[in-house]
Structures are given as structure tokens and as C-alpha cells.
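Participant: missing the sequence, but the structure's below:
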């Protein structure tokens with residue numbers, strides 16, 4: 001099988017990730033706790049992982065990275081836990097349902113009573129946010145601005161640093177969803193003006209599913225969503241600083257996530273990015289040369305995903321034929337990001353999405369181009 005659905009989850013994982021998870025599963029909890037294993041104890045393992053993630057994200061205080069089950073939990077923590085007297089929450093039309101549903105369902109009661117005002121920023125047919133509308137919308141009454149770094153539908157990369165400057169000027173908080181960019185694109189939270197960064201572990205970071213985290217800048221105190229045991233300061237019922245990691249940690253997952261972060265750091269982000277961008281250019285230009293194919297966006301995506309459709313076939317049919325007839329796995333539909341399709345003109349059936357990782361090859365891309373070309377020629 002040729003796997004081109006890395007925006008959903010990277011596969012296969014680097015061997016070191018699989019080995020790290022297996023090693024953590026073999027160790028007894030007592031061994032982990034006492035620190036007699038080669039990996040160190042469970043707290044040291046988390047410390048190592050935080051340190052490697054901090055290197056990837058330009059975080060100066062690794063202890064401000066908190067582990068979660070993934071980006072969805074991290075985004076819920078950030079959005080529902082953020083406290084402000086201001087009303088406006090600004091978000092882009094390119095956001096994932098992990099943001100959209102958390103706003104409209106999770107904050108539904110506040111929206112109904114008028115204490116929360118969601119403001120949507122439109123995007124173009126490539127998924128790029130309207131920056132003029134963004135600047136106008138970041139006002140003195142804006143509490144939180146939410147933007148995904150890279151679209152999971154089109155691969156569009158937003159101008160986060162510029163948005164960060166506007167947020168700084170207005171005293172607003174910037175929350176960035178790095179689900180599609182962590183491990184694939186350069187991120188520096190200080191240079192980009194990012195106050196909170198949500199990320200998942202199982203995509204560009206090559207970690208296991210069920211891992212991720214949230215970086216929270218010092219000085220921001222979120223209201224916790226969960227309360228419980230932390231393994232430290234057990235006698236305090238109401239701590240001075242909120243605990244964001246409660247309950248039993250996903251130690252095997254964190255071990256795998258750490259191995260994924262090490263893999264990226266040792267390979268080099270520039271090398272990864274160069275390889276992925278070469279593949280994306282080949283894919284974008286190749287699809288654009290096939291008659292009857294619509295590629296969404298007027299430039300090569302800076303991210304690792306793109307969407308297209310084939311005239312005369314529904315996206316779901318294209319995906320089925322590619323999988324069953326050619327052994328090529330892509331993704332079809334709305335990709336859990338319904339609003340962006342209003343601007344792409346694909347709200348009814350969605351798109352066909354191809355997405356890559358550093359483990360994808362030129363042969364994978366050429367196989368997809370040959371298959372789509374053959375399909376188009378037979379219509």
C-alpha cells in the first residue's frame with residue numbers, strides 16, 4: 001500500500017518510536033518509578049520529552065509544556081480554560097472541529113448570554129486567512145485569537161508571526177493549533193508571538209496516537225478542565241498554581257513521543273522540510289497538469305497536505321478507486337473542517353486529500369499522479 005494520509009496520522013512510525021513504546025510497556029511501574037531502567041524514571045522521561053519538544057518549538061521554559069491525549073484535549077484546555085473580561089474570540093474559517101465545536105458547543109451558554117462573541121475570519125480558495133479582516137478583528141475587546149498554523153485540508157500556512165504582532169498590540173492572547181505543523185515546519189513561540197501552542201504527537205512528531213500537549217506562556221493561568229492526583233503535593237486541596245497534568249500519565253506514549261522528537265532533531269528540521277517541500281511541489285504541479293483535476297490553492301502549499309477533485313467523480317469514489325484499484329490510501333470528505341469548504345466551493349462532497357511526511361517518497365507521488373491521470377483519461 002502507498003500511504004498518502006499522513007495528515008491523519010503518520011505511518012509507518014520510525015523504528016525507534018516503536019522500540020521506545022515497547023520498552024516502556026515491558027518495564028514494571030515500580031522499575032520506572034525507582035529509576036533503575038535505562039530510560040530513567042517516569043518523571044525523568046517526561047522531563048526529557050519536554051526538553052526535546054522545547055527545542056523544536058523555541059520554548060525557553062520546558063516546564064510550561066503540558067502533556068495531553070492530543071491536540072483536541074489541548075485545544076479544549078486552552079479555549080474553555082482561558083479567562084478574560086473581554087468578549088471576542090477570533091478564529092479562522094480554516095479551523096478544525098476541535099476548535100469550532102469547542103467554541104460553539106463548549107462555550108454555547110456564554111455565547112447565548114452575550115458574554116462571548118465568536119468572530120470568524122474568512123479565507124480564500126487556498127485556505128489562506130484574510131489578513132485585512134484579521135487585523136480589523138483584533139480589537140481591544142479581543143480576548144483570544146485562534147489560528148491553525150497549517151491547514152489540514154489545503155496545506156496553507158498562515159502568517160502566524162504577523163497575527164502575533166497584532167495580538168501583542170491589542171493585548172490579546174494567541175492560540176495556535178500546530179497539529180499539522182509540529183515536526184514539519186519551523187516554530188518559535190517567542191519570535192512568532194505565540195501565547196499557547198496546541199500540538200498532537202501522532203502526526204509530524206511521529207509519536208503514538210493518544211499523545212500531544214499544550215504550551216502555555218508564563219503568566220497565563222487557565223482554569224483546569226480536570227482535577228485529581230498528580231503525584232506531587234498530595235496534601236494540598238487547592239494549589240496556588242493549577243495542575244494541568246492529573247491522573248496516570250501515558251508513559252509508553254510519552255516515551256514514543258520523545259523518540260519521535262529525537263528522530264526529528266537528529267534528522268534536522270531543514271532536511272525534513274526540504275524533502276517534504278520537493279514532494280509537495282511535484283504533487284501540486286503534477287496534479288495541475290492533468291485535465292479535469294482541480295487543485296485548491298494558487299501556489300504550492302507550504303504544508304504537507306493538499307486537496308483536489310476530479311471532474312465527473314465524487315471525492316469518495318476517487319478515494320475508493322485509488323485504494324481498491326491502485327493500492328493508494330488518501331482521505332476524502334470534509335476532513336473535520338467544515339467551514340473552509342464554503343470558501344473552496346466543496347461543501348457538498350468535500351475533497352480528495354493527499355498528505356505526506358518525511359517518510360514519503362518520490363515514487364509514492366508519481367504513483368498517485370499516474371493513477372489520477374489514468375482515471376481522468378478514462379472519463
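Facilitator: Great, that's in hand. Given the structure is predicted, the values throughout are model-derived calculations rather than measurements.
Participant: show me where the protein has its strands.
Facilitator: 2-3, 65-68, 88-92, 117-121, 142-148, 173-177, 196-200, 212-216, 293-295, 305-310, 328-329, 331-333, 351-355 (DSSP state E).
Participant: low-confidence stretches in this protein?
Facilitator: Along the chain, segments meeting pLDDT under 70 span 29-43.
Participant: run the last query once more with 80
Facilitator: 28-44, 230-233, 235, 239-240 (pLDDT under 80).
Participant: and the residue nearest the centre of it, what are its phi and psi?
Facilitator: Nearest to the geometric centre of the chain sits residue 179, at 0.6 Å (CA atoms, centre = their mean). Dihedral angles of residue 179 (phi, psi; degrees, to the nearest 10) stand at phi -60, psi -40.
Participant: now do the contacts for it.
Facilitator: Contacts for residue 179 (CB atoms under 8 Å, 6 or more residues apart in numbering) come out as 71, 96, 98, 148, 152, 198-200, 203. From N, CA and C alone the C-beta is placed, and that goes for glycine too.
Participant: can you rerun that using 6 Å?
Facilitator: 71, 200 (CB atoms under 6 Å, 6 or more residues apart in numbering).
Participant: now the helices for this structure?
Facilitator: 15-26, 29-34, 42-57, 71-81, 97-101, 108-113, 131-137, 160-170, 251-267, 269-288, 315-326, 340-344, 362-378 (DSSP state H).
Participant: as CSV, those with distance to residue 231 and mean neighbour count would be great.
Facilitator: Shown next, in CSV, are those (distance: least, CB to CB, whole Å; neighbours: other CB atoms under 10 Å):
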stretch, distance to residue 231, mean neighbour count
helix 15-26, 17, 17
helix 29-34, 9, 13
helix 42-57, 8, 20
helix 71-81, 19, 23
helix 97-101, 28, 20
helix 108-113, 33, 12
helix 131-137, 42, 15
helix 160-170, 35, 19
helix 251-267, 12, 23
helix 269-288, 33, 17
helix 315-326, 45, 17
helix 340-344, 41, 21
helix 362-378, 44, 16
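Participant: want to throw the ones you listed into JSON lines with distance to residue 187?
Facilitator: Formatted as JSON lines, the helices of the chain follow (distance: least, CB to CB, whole Å):
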{"stretch": "helix 15-26", "distance to residue 187": "20"}
{"stretch": "helix 29-34", "distance to residue 187": "30"}
{"stretch": "helix 42-57", "distance to residue 187": "5"}
{"stretch": "helix 71-81", "distance to residue 187": "14"}
{"stretch": "helix 97-101", "distance to residue 187": "18"}
{"stretch": "helix 108-113", "distance to residue 187": "30"}
{"stretch": "helix 131-137", "distance to residue 187": "19"}
{"stretch": "helix 160-170", "distance to residue 187": "8"}
{"stretch": "helix 251-267", "distance to residue 187": "12"}
{"stretch": "helix 269-288", "distance to residue 187": "9"}
{"stretch": "helix 315-326", "distance to residue 187": "31"}
{"stretch": "helix 340-344", "distance to residue 187": "22"}
{"stretch": "helix 362-378", "distance to residue 187": "26"}
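Participant: so which of those gets nearest residue 188?
Facilitator: helix 42-57 (7.2 Å; CB to CB).
Participant: thinking again about what came up before, check the strands of the chain for me and report the most buried one.
Facilitator: Highest mean neighbour count among the strands of the chain (mean count of other CB atoms under 10 Å): strand 196-200, with a mean of 30.
Participant: now do the same contact list for residue 166.
Facilitator: Neighbours of residue 166 in contact, by CB under 6 Å, 6+ apart: 135, 138.
Participant: against residue 306, how distant is it?
Facilitator: Computed with CB to CB, to the nearest Å, the distance linking residue 166 and residue 306 is 28 Å.
Participant: mind putting the strands of the chain in a markdown table, distance to residue 273 included?
Facilitator: Output for these, formatted as a markdown table (distance: least, CB to CB, whole Å):
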| stretch | distance to residue 273 |
| --- | --- |
| strand 2-3 | 20 |
| strand 65-68 | 22 |
| strand 88-92 | 23 |
| strand 117-121 | 26 |
| strand 142-148 | 18 |
| strand 173-177 | 18 |
| strand 196-200 | 17 |
| strand 212-216 | 21 |
| strand 293-295 | 21 |
| strand 305-310 | 14 |
| strand 328-329 | 23 |
| strand 331-333 | 22 |
| strand 351-355 | 15 |
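Participant: out of these, the one nearest residue 222 is which?
Facilitator: strand 212-216 (6.4 Å).
Participant: what angle separates the closest one from helix 251-267?
Facilitator: Between strand 212-216 and helix 251-267, the angle formed by their directions is 70 degrees, by axes from the mean of the first three to the mean of the last three CA atoms, to 10 degrees.
Participant: which elements pack onto strand 212-216?
Facilitator: Judged by 3 or more CB pairs under 6 Å, 6 or more residues apart in numbering; DSSP states H and E, the packing partners of strand 212-216 are strand 65-68, helix 71-81, strand 196-200.
Participant: from the chain's centre, how far out does that strand sit?
Facilitator: Relative to its chain's centre, strand 212-216 lies at 11 Å (CA atoms, centre = their mean, to the nearest Å).
Participant: starting from it, tell me which strands it pairs with and how they run.
Facilitator: strand 65-68 (antiparallel), strand 196-200 (antiparallel) (DSSP bridges).
Participant: out of the ones you listed, the one nearest residue 271 is which?
Facilitator: Of those, nearest to residue 271 by CB to CB is strand 196-200, at 20.4 Å.
Participant: now do the contacts for residue 18.
Facilitator: Per CB under 6 Å, 6+ apart, neighbours of residue 18: none.
Participant: distance of it from residue 11?
Facilitator: 11 Å.
Participant: what's stretch 290-309 in contact with?
Facilitator: 7, 126, 150, 152-155, 157, 180, 184, 276, 280-281, 284, 287-288, 310-311, 344, 351-353, 355-356, 372-373, 376.
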